[in-house]
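J.: Sequence and predicted structure are below.
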Amino acid sequence: MYQDPMDPPVHASPPAHSTTTVERGSFCIARCACGWSGPARRSRDRARTDAEEHGSAPDR
């Protein structure tokens, strides 16, 4: 089957999980490039743990 080179690939892989933390006042939020966002935490360490758990969770 012919596919126009200007069309996006049919079998594109999902974006990789690239997590970061964002400061919002006294809270810290884990975020991911896939659109996921964790709960607001006062503990920055817990927000980083949320991000690690999201990045290591199997895709559904």
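T.: Noted; the coordinates are in hand.
J.: On the strand side of things, show who the residue nearest the centre of the chain bridges to.
T.: Among the residues of the chain, the one closest to the centroid is Cys32, at 2.1 Å (C-alpha atoms, centre = their mean). Beta-bridge partners for Cys32, by DSSP bridges, are Thr19.
J.: quick thing: my sequence starts at 7, can you match it?
T.: Yep, numbering from 7; the last one is Cys38 now.
J.: ok, it touching Ala22?
T.: No. Contact criterion C-beta atoms under 8 Å: Cys38 and Ala22 do not qualify, at 9.4 Å. Where C-beta positions appear, they are placed from N, C-alpha and C, glycine not excepted.
J.: And Arg52, its phi and psi?
T.: Main-chain dihedrals, Arg52, degrees, to the nearest 10: phi -70, psi -40.
J.: returning to that earlier point: which residues does the residue nearest to the centre of the chain contact?
T.: 23-26, 57, 60-61 (C-beta atoms under 8 Å, 6 or more residues apart in numbering).
J.: Please save the CA atoms from stretch 59-66 in PDB.
T.: What follows is stretch 59-66, C-alpha atoms only, in PDB (Å, rounded to 0.1, in the frame of the first residue of the first chain):
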ATOM      1  CA  GLU A  59       6.800   5.200  39.900                       C
ATOM      2  CA  HIS A  60       5.000   6.600  36.800                       C
ATOM      3  CA  GLY A  61       8.100   6.200  34.600                       C
ATOM      4  CA  SER A  62       8.600   2.600  35.700                       C
ATOM      5  CA  ALA A  63       4.900   1.600  35.500                       C
ATOM      6  CA  PRO A  64       3.900  -0.700  32.600                       C
ATOM      7  CA  ASP A  65       1.900   1.000  29.800                       C
ATOM      8  CA  ARG A  66      -1.700   0.100  29.600                       C
END
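J.: can you give me the helices for the chain?
T.: 50-62 (DSSP state H).
J.: Show me the shaky parts of it.
T.: Residue ranges of the chain with pLDDT under 70: 7-21, 65-66.
J.: Dump stretch 48-57 to CSV, restricted to CA.
T.: What follows is stretch 48-57, C-alpha atoms only, in CSV (Å, rounded to 0.1, in the frame of the first residue of the first chain):
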residue,chain,number,x,y,z
ARG,A,48,4.5,19.3,50.1
SER,A,49,7.3,16.8,50.1
ARG,A,50,9.6,17.3,47.0
ASP,A,51,11.0,13.8,47.7
ARG,A,52,7.6,12.3,47.5
ALA,A,53,6.9,14.1,44.2
ARG,A,54,10.1,12.7,42.8
THR,A,55,9.0,9.2,43.9
ASP,A,56,5.7,9.7,42.1
ALA,A,57,7.6,10.6,38.9
